[in-house]
Each structure stands twice: as C-alpha cells, then as structure tokens.
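Student: What would the 3D arrangement of this be:
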Amino acid sequence: MSCLAFFLKDNVPTDQVETLLSLQGIEDFSEEYTEAYNRKMTEMGMNLPSFYFSIKNNFTLWISSYKVDSFTKRFANDLAKGRYKETHIVELISTISDLEDKESRNLLICQTPQELLIKLGRLESGLVNSEVISHIRTIVKKMEDDRGSWHYPVLSWHGINNQYHNWVSNFIRGNYGVSLVDAQPVYRKLWSSMKWTLMLLIISLVISGLISFILGIYNGINQGSIFDRWSNGILFLFYSIPKFWLATMMIIFFTTAEYGNWTNIFSSVGDWPRMTGFFELIYLSANKLILPIIVIVIPDVAYLSRLIRASIIDENNKEYIKMARSKGVPKRDIILKHLVPNSLGPTITLFAGVLPGALGSSLIIEVIFNIPGIGRLMFESIKTADWAVVFPIIMIVSILTVVTFLLADILIAWLNPKIKLG
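Tutor: Got it, this is the predicted structure:
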C-alpha cells in the first residue's frame, strides 16, 4: 500500500512544487521562478530517484548524467522515450536556451517534437529571433529522419537515497509535510480530524457489536421462531439500504419541520463544537451524533447479526452439542461454555472487517452530516487536489486495517486452543 500510495502521489496531475510556490506568491511568469522551482524541488527531495532501483531504456538513461534544471530534464526524458538520438536532443535544448526565459519555458513543457512545432507556430508571431526558429525546425526534421529503431532495458540501482525511502521514513516519524491548499502541517489536520472519526467509530462499533451478538445468538438458538423470521426479514431489508440514501432520508425527515413538527427531532446538520475532551465532546454534540450513529449501526447490525446467527446454527447442529444435550447438560451451560465460544471464531474475523468498512463509509457519512472527520477531510482534499493530505490518510486506513485483522487472528488463536502459533 505504501508503494501504491507513493507512486499514485508521484503521478497525479498536480505539480506539488508549482502549488507550493504559488502559495508563496511566486508566479510562473516571474524571472526567479526557475531558480525557485529548482530550489524547492531540491528542498523537498524531488530531484532524487523515485525508488531504490529503476529500469529504463537505453535512450533515457543518459539524461541522468546531465546536470540540468527540472524543466529541461523532463523535456529531454520525454523526447528520449520517443527514441530520439541524444545528440539531436542536446542540440535542440541548446538552441531553445537561446530564446528568452519565458519563451524557452513554454517550449520545454512540450512532450513530443510535433507538439513543439505546434507551440512554436503559435508563438512564432511574438518571437523576434527568426534564425533560432528556423534552426529548431531543422533540428526537429533531423530528429525525425534519424530516429532510433529499438531499445533495451537497463537496471540502475540508486540505494536508499531516493524519494520513496525518504517518504516512508518521514511517514514513520510523523513528518507528513504541509498541505498544498493552506500550507498547514498535514499531521495537525489529520489529528484534529481523526479524533472525530475515531469517536464516531468507537461508539458505533460498541453499539453494533452488542446488538449484533445478542440478536444473532438469540435468533440462532431460537431458529424458526416468529421473532427470528420477522427480524431476519427486517434485517435483510436494512442490509439492502445504501448508507448514503439512508443518511439523506434521515436528514430530510428528522432534522426539519417541513413534514410536521413531530419529525423535527434532531438538530440540523451544521457547525460542530470545537474539539475538546472526548466525553465533553459527546455531551456537547450528542443530539447531532445520534443520526450518523444510527446510519452506521443499522447496516452493521443487519450484516453481523445474520452471520452470527448462521454461525450459531451451524455449531448447534454438530454432534458434540447433541451429545451434551443427551447427557443432560443444562441448556445454559451448553450455550455459554460450548456453543457461543466455539462459534465466535469466524464471527471475530467478520467483525474485524467491519472497522475498515466503517472507515470507508465514514467518507460518505461525514460529508452528508458535515462531520469534520477524516472522511470529510479526504473528500475535501481530493476536490482541491491536496494530495499531501490524501495519501497519508490512505496509509493510516491501510495500517488500521492490517492491525485490526492481526488482532482478530490473535484473539481467535486465544479462544481456540486448537490453533497453534509455534
């Protein structure tokens, strides 16, 4: 997940350096822009190789030996990928550098010779150096005529001094950089949002866990009863309802007086209190938390209780349970000492999957209810292309998912003596 998050971060359409420079008031048409751009790239370590090793073709490998600015390097690599010869690319870059800084930058953002000619034609009326223009056209023609026909892969080892290693190291140390929108430290934004999400999830998981276990065990033991049949139908209906639709209906019908004063039960979705102590926050926002908790709990209860019921029924039909009944073991002892503990194994694994699912659905729930949690922060960051915030959130959710399933496996091994860890 760290590799996936890093390479997604490295290939999103937004240029992080350009965004940070614009926050500092340095525009791309200013004279010091190129120098500031290269300085910021070096400061952020983005001039280093991306990974511990790279596999490039023989046409692109040579550019790493040239000390040029980021615009020129990107331009040269784009042309080298098209199998154009090194000598022609160097000559072309040298000729473009004879133009004014702004004009040369406009040409160096091109990715192909054809795009270069189109851009040159658009700028031709404003350019005064006709000799340079003519020379560029001549070089492009030579490049097309003398284009390389094949390439072979070359493996390059870069060591630990690379962008990925530095990014992971900074993540472990808690150094997530700054937001590309407001230049605020990312860890501060994540921490203030994570408190809300964890508060919402902890309350929801405790409630859904208690209800699911009680309901699932009762229905499993009393299979086929009237309550079992009716509750199964209702739970199946709840499980089929999308959370975003349920949340929207809750807001429409229970936070306004449009359908009668008797429906205006809960506070409308709006501003939430400032983050204080955990219990104080619950007290201050209790009336607003009820609806989002209901939206999260209802599908989880429907899912978990039916699985627990199925596990209880499966365990209840096994021979050792029938043997215990035939020997006159009290029903209470059969349920508490044998039936429930032995049926919890698969249930714990399934319950562990609820937390990652709840983290994923929190994005929708927090946006709909305007909760300032990590889900809404991720949604807003995606809208504003604030990738410095998005990818640490992906990493945090991934780590929580792995830890949750690991703890579930340990708990299953502790409950079931048959499982050996040695």
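Student: any low-confidence regions in the stretch 301-422 of the chain?
Tutor: Along the stretch 301-422 of the chain, segments meeting pLDDT under 70 span 416-422.
Student: switch the cut-off to 90
Tutor: 301-376, 378-422 (pLDDT under 90).
Student: List the buried residues for the strand or helix carrying Ile399?
Tutor: Using DSSP states H and E, Ile399 falls within helix 387-415. By neighbour count on 16 or more other C-beta atoms under 10 Å, the buried set for helix 387-415 is 387-398, 401, 404, 408, 411-412. Bear in mind the C-beta positions are built from the backbone N, C-alpha and C, glycine included.
Student: Check stretch 252-259 too.
Tutor: Phe254, Thr255.
Student: now the end-to-end length of it.
Tutor: 9 Å (C-alpha to C-alpha, to the nearest Å).
Student: quick one, the top helix by length along the chain and helix 387-415 angle?
Tutor: Taking DSSP state H as the criterion, the chain has its longest helix at helix 186-221. For helix 186-221 against helix 387-415, the angle by axes from the mean of the first three to the mean of the last three C-alpha atoms, to 10 degrees is 40 degrees.
Student: any idea of the mean pLDDT in helix 186-221?
Tutor: For helix 186-221, mean pLDDT rounds to 87.
Student: which secondary structure elements does it contact?
Tutor: helix 226-240, helix 278-284, helix 286-316, helix 340-352, helix 354-368, helix 374-383, helix 387-415 (3 or more C-beta pairs under 8 Å, 6 or more residues apart in numbering; DSSP states H and E).
Student: What residues does Asn175 make contact with?
Tutor: Neighbouring residues of Asn175 by C-beta atoms under 8 Å, 6 or more residues apart in numbering: Tyr187.
Student: you'd agree Ser156 is in a strand?
Tutor: Yes. With DSSP: H, G, I helix; E, B strand; the rest coil as the criterion, Ser156 is part of a strand.
Student: Any idea how many residues pack against it?
Tutor: 11 (other C-beta atoms under 10 Å).
Student: Likewise for Asn222?
Tutor: If we define neighbours as other C-beta under 10 Å, then Asn222 has 13 of them.
Student: Settle this for me: it is touching Trp230, isn't it.
Tutor: No. Look at Asn222 against Trp230 with C-beta atoms under 8 Å: they stay out of range, at 11.9 Å.
Student: From Val354, how far out is the nearest residue to Gly174 once chain neighbours are set aside?
Tutor: Spatial nearest neighbour of Gly174, chain neighbours left out: Tyr187 (5.6 Å); criterion: C-beta to C-beta, 6 or more residues apart in numbering. For Tyr187, the distance to Val354 equals 27 Å [C-beta to C-beta, to the nearest Å].
Student: higher neighbour count, the two?
Tutor: The residue with more neighbours, out of Tyr187 and Val354, is Val354; 21 against 14, by other C-beta under 10 Å.
Student: for the residue lying closest to the more buried one once chain neighbours are set aside, what are its contacts?
Tutor: Among residues not flanking Val354 along the chain, Asp300 sits closest, at 5.6 Å (C-beta to C-beta, 6+ apart). Listed by C-beta under 8 Å, 6+ apart, the contact set of Asp300 reads Ser204, Leu205, Ser208, Ser212, Val354, Ala358.
Student: Selecting buried members of those in PyMOL, what would you type?
Tutor: Of the contacts of Asp300, the buried ones can be selected in PyMOL as follows, counting by 16+ other C-beta under 10 Å:
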select buried, resi 204+205+208+212+354+358
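Student: now, among the contacts of Asp300, which is nearest to His135?
Tutor: Ala358 (63.0 Å; C-beta to C-beta).
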